[in-house]
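A.B. asks: have a look at this prediction, sequence included:
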Amino acid sequence: MSTDKEEFALYCEAKNDKVRKRLGIKGGFYWTTAKKLSVAISRCITAMDDNDYDEDDFKKPVRVHLPVVNDLPPEGVFDTEFCNRYEKGGEDGITMVFIAPSPSVQEKPASTDNTNVNGEDMTEIEENMLLPVSGQELPIRWLAQHGSEKPVTHVAREELQALHIARAEELPAVTALAISHKTKLLDPLEIRDLHKLVRDTDKVFPNPGNSDLGLITAFFEAYLDADYTDRGLLTKEWMKGNRVSRITRTASGANAGGGNKTDRNPNLVHTFDTLDVEIAAATLPMDFNIYEIPGSVYRRAKEIVLKRESPFKEWSAALRATPGILDYSRAAIFALIRSAHPEFYHYPGRLQGYINAYLTETDHENPSKETLTAARHTPEKDILEEVNRELSAKQETEEEENDEEKPQPSCAMADEQATAETVEPDATEHHQDTQPLDAQSQVNSVDAKYQKLRAELHEARKNIPPPNPVDADKLLAASRGEFVEGISDPNDPKWIKGIQTRDSVYQNQQETEQNDQKAEQNSPNALQNEPETKQPEPVAQQEVEKVCTACGQTGGGNCPDCGAVMGDAT
């Protein structure tokens, strides 16, 4: 491999007269030491770019003889001034020869003429000299790129003066204000990047005088934050009216969309993550309001996404790979999944073909009735309807309990009280489980309506009389067939007047004994007659009706009122 190097001199002639006039140059000269000509040409183009010149403004570099002169430019520097003093020519046509001054210039004395060493009038040169745009103020740099097909790096003195004069007239006030607000963001831009921003801004806002300041500044931020290769696509989205802040791409690099209006909440930022939640919710078997997803369904959908369960993960992979998938409505996503064959997700190729054939929605903001039906959208099953149904069921149950007169066992009444006490917590828990998917504003609206319904239920419960506490002993006594006040029917013929229950006799036994003693003391034959033993249940004598001589009660045995023995005349 040869290690010899040689010197290469290259001459780059201006492409046409328009370039010569615009840049004020005839061409450029470059020389370097390299092994091959291709390496020297590559270095020449790099040096050309370092001096803010565009390769398209010059013809292809041509190798020439290296001139032996004192004013040869440094090695590796692309010099355009050298071509104003030397030009390609000579007998072989590839030798840089000195440009001789015109005879009129030679005749003028040097002491009385403002000329340079080449005999050129410096006044004329200064007037025609191009000034760099990069050193001007940002509004002047912006205005210089306006309407130009290529970046403008230099302008003539007259053109620069015209830009300063036209600054107040041609630069709209809203654009000037947007530039001043984003000076820190725009000032470091190179001329080529500033030219592309000006060009694309003119496409998005053809009439900037009628545009919104916030939109213009938002476009500046989104444009400069986007990847260099995505800026053109971002501009097209803004031209369509889709105010996207970034370009979302699929795994294959296609645009995933997401900047258009859909049937979702306008405050929702629709991304692949929110799409996954919708896919997971659509795979569930129950029907619900897809625009106000119940909290239990939402939590289950989040769990499915977290655990990557099937068929969610197959649907997610297929839909994420679909170009423009974020543009479609929520109803279209639900209808797509719920209308598919349950075994489609096992076959990725068939599933992707089904998606491509089925997703034909055009009006993403207003889904058709057929789409909503296929999505199994049931708006009547939203949270407010569920709360109302629960409240109605609770009120009907309470009314039935109030109308019921038959006594219940103590255990049943305890269960009833426990159920009544848990009515309100159940309703509260049901409301907390519900959470709309779109935005916080829907959650606040549902919560306010529920609080109102809860207050109405609380007022209604105030009118319900509290249940009367019933002693367990009385319930047991009534179940044994004994007379209990408040429970037993006093008009029942089985209850004999004066003898209600054995318990009442037992409870008043001490009082009865005291009455017997008093009766014996008052009776003259008290010592001859002892009170008979009290029987568990008094039995009426049918043969001879016995009458108590003390109080007149009929029957037999001891009188329950005075304690005397019925039928004893003493």
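C.D. replies: Noted; the coordinates are in hand. Numbers count the residues shown, from 1 in each chain.
A.B. asks: low-confidence ranges in the stretch 401-550 of the chain?
C.D. replies: 402-447, 450, 460-472, 475-476, 479, 495-550 (pLDDT under 70).
A.B. asks: first to last residue in stretch 281-295, what's the distance?
C.D. replies: 11 Å (CA to CA, to the nearest Å).
A.B. asks: list the buried residues for that stretch?
C.D. replies: 281-284, 288-295 (16 or more other CB atoms under 10 Å). All C-beta atoms are positioned from the backbone trio N, CA, C, and that covers glycine.
A.B. asks: state the pair within these that is farthest apart.
C.D. replies: T283 and E292 (18.7 Å; CB to CB).
A.B. asks: now do stretch 214-226, average pLDDT.
C.D. replies: Stretch 214-226 shows a mean pLDDT of 88.
A.B. asks: i'd like the first residue to be 70 from this point on
C.D. replies: Yes, from this point I'll number from 70; that puts the last item at stretch 283-295.
A.B. asks: could I get the buried residue list for it?
C.D. replies: 285-286, 288-289, 291-292, 295.
A.B. asks: before we move on, what about stretch 383-402?
C.D. replies: Quick answer for stretch 383-402 (16+ other CB under 10 Å): 383-385, 387-391, 394-402.
A.B. asks: on the three-state scheme, V133 is what?
C.D. replies: strand (DSSP: H, G, I helix; E, B strand; the rest coil).
A.B. asks: what separates it from D561, distance-wise?
C.D. replies: 136 Å (CB to CB, to the nearest Å).
A.B. asks: before we move on, what about R315?
C.D. replies: In terms of CB to CB, R315 sits 86 Å off from D561.
A.B. asks: ok, those two, which is more surrounded?
C.D. replies: Ranked by neighbour count (other CB atoms under 10 Å), R315 and D561 place R315 first, with 14 against 8.
A.B. asks: that one touches Y292, doesn't it?
C.D. replies: No - R315 is not in contact with Y292 according to CB atoms under 8 Å; the separation is 10.5 Å.
A.B. asks: shared neighbours of these two, which are they?
C.D. replies: Common neighbours of R315 and Y292 (criterion: CB atoms under 8 Å, 6 or more residues apart in numbering): L303.
A.B. asks: those strands in the protein, which residues are they?
C.D. replies: 75-82, 96-103, 131-133, 155-158, 164-167, 199-201, 223-225, 615-616, 623-624 (DSSP state E).
A.B. asks: can you flag the weakest of the ones you listed by average pLDDT?
C.D. replies: Among those, strand 615-616 scores lowest, at a mean of 56.
A.B. asks: check contacts around the closest residue to V202 other than its chain neighbours.
C.D. replies: Distances taken as CB to CB, 6 or more residues apart in numbering place A213 nearest to V202, at 5.1 Å, with adjacent residues excluded. With contact set as CB under 8 Å, 6+ apart, A213 has these partners: 202, 205, 221, 224, 232.
A.B. asks: redo that, cut-off 7 Å
C.D. replies: Neighbouring residues of A213 by CB atoms under 7 Å, 6 or more residues apart in numbering: 202, 221, 224, 232.
A.B. asks: ok, the second one to N279 distance?
C.D. replies: Right, V221. Applying CB to CB to V221 and N279 gives a distance of 27 Å.
A.B. asks: and the two? Which one has more around it.
C.D. replies: Remark: of V221 and N279, V221 carries more neighbours, 20 against 9, as counted by other CB under 10 Å.
A.B. asks: which phi and psi does the more buried one have?
C.D. replies: phi -100, psi 110 (degrees, to the nearest 10).
A.B. asks: with D296 instead?
C.D. replies: According to degrees, to the nearest 10, D296 has phi -60, psi 150.
A.B. asks: excluding chain neighbours, what is closest to it?
C.D. replies: That would be I316: by CB to CB, 6+ apart, it lies 7.5 Å from D296.
A.B. asks: could you pull up the residues touching the one you found?
C.D. replies: I316 touches 295, 299, 302-303, 324, counting by CB under 7 Å, 6+ apart.
A.B. asks: write the PyMOL selection for whichever of those are buried.
C.D. replies: Here is the PyMOL selection string for the buried members of these, based on 16+ other CB under 10 Å:
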select buried, resi 295+299+303+324
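A.B. asks: mind putting the contacts of I316 in CSV, distance to E160 included?
C.D. replies: CSV is the format used below for the contacts of I316 (distance: CB to CB, whole Å):
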residue, distance to E160
A295, 56
D299, 55
L302, 56
L303, 57
N324, 60
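A.B. asks: F341 - how many residues pack around it?
C.D. replies: If we define neighbours as other CB under 10 Å, then F341 has 15 of them.
A.B. asks: and it, how far from S408?
C.D. replies: Counting by CB to CB - F341 and S408 are separated by 22 Å.
A.B. asks: and F151, by the same measure?
C.D. replies: Applying CB to CB to F151 and S408 gives a distance of 74 Å.
A.B. asks: those two: who's more crowded?
C.D. replies: A count of neighbours by other CB under 10 Å puts F151 above the other of F151 and S408, at 22 against 14.
A.B. asks: residues contacting that one?
C.D. replies: So F151 contacts 98, 142 (CB under 7 Å, 6+ apart).
A.B. asks: domain ranges for the protein?
C.D. replies: 75-177, 198-308, 341-450, 452-531, 577-593+606-639 (automatic domain parsing).
A.B. asks: which one of the ones you listed lies closest to E551?
C.D. replies: That would be domain 577-593+606-639 among the domains of the chain, by CB to CB, at 11.3 Å.
A.B. asks: my read is that V374 contacts T343, right?
C.D. replies: No - here V374 does not reach T343: they are 10.4 Å apart, not a contact under CB atoms under 7 Å.
A.B. asks: endpoint to endpoint, stretch 412-430 covers what distance?
C.D. replies: 24 Å.
A.B. asks: next: stretch 117-135.
C.D. replies: End-to-end distance (CA to CA), stretch 117-135: 19 Å.
A.B. asks: cool, stretch 335-353 as well?
C.D. replies: 25 Å.
A.B. asks: so which bits of that stretch are buried?
C.D. replies: So for stretch 335-353, counting by 16+ other CB under 10 Å, buried means 339, 343-353.
A.B. asks: could you measure from E156 over to V166?
C.D. replies: E156 is 6 Å from V166, by CB to CB.
A.B. asks: which of those two has more neighbours?
C.D. replies: Comparing E156 with V166 by other CB under 10 Å, the one with more neighbours is E156, at 16 against 13.
A.B. asks: look up the closest residue to that one, ignoring the ones flanking it.
C.D. replies: Per CB to CB, 6+ apart, closest to E156 is I168, 5.6 Å.
A.B. asks: I figured that neighbour hits Y155, correct?
C.D. replies: Yes - shown here, I168 and Y155 form a contact pair, counting by CB under 7 Å, at 6.5 Å.
A.B. asks: of these two, which one has the most company?
C.D. replies: Legend: neighbour count by other CB under 10 Å for I168 and Y155, higher for Y155 (21 against 14).
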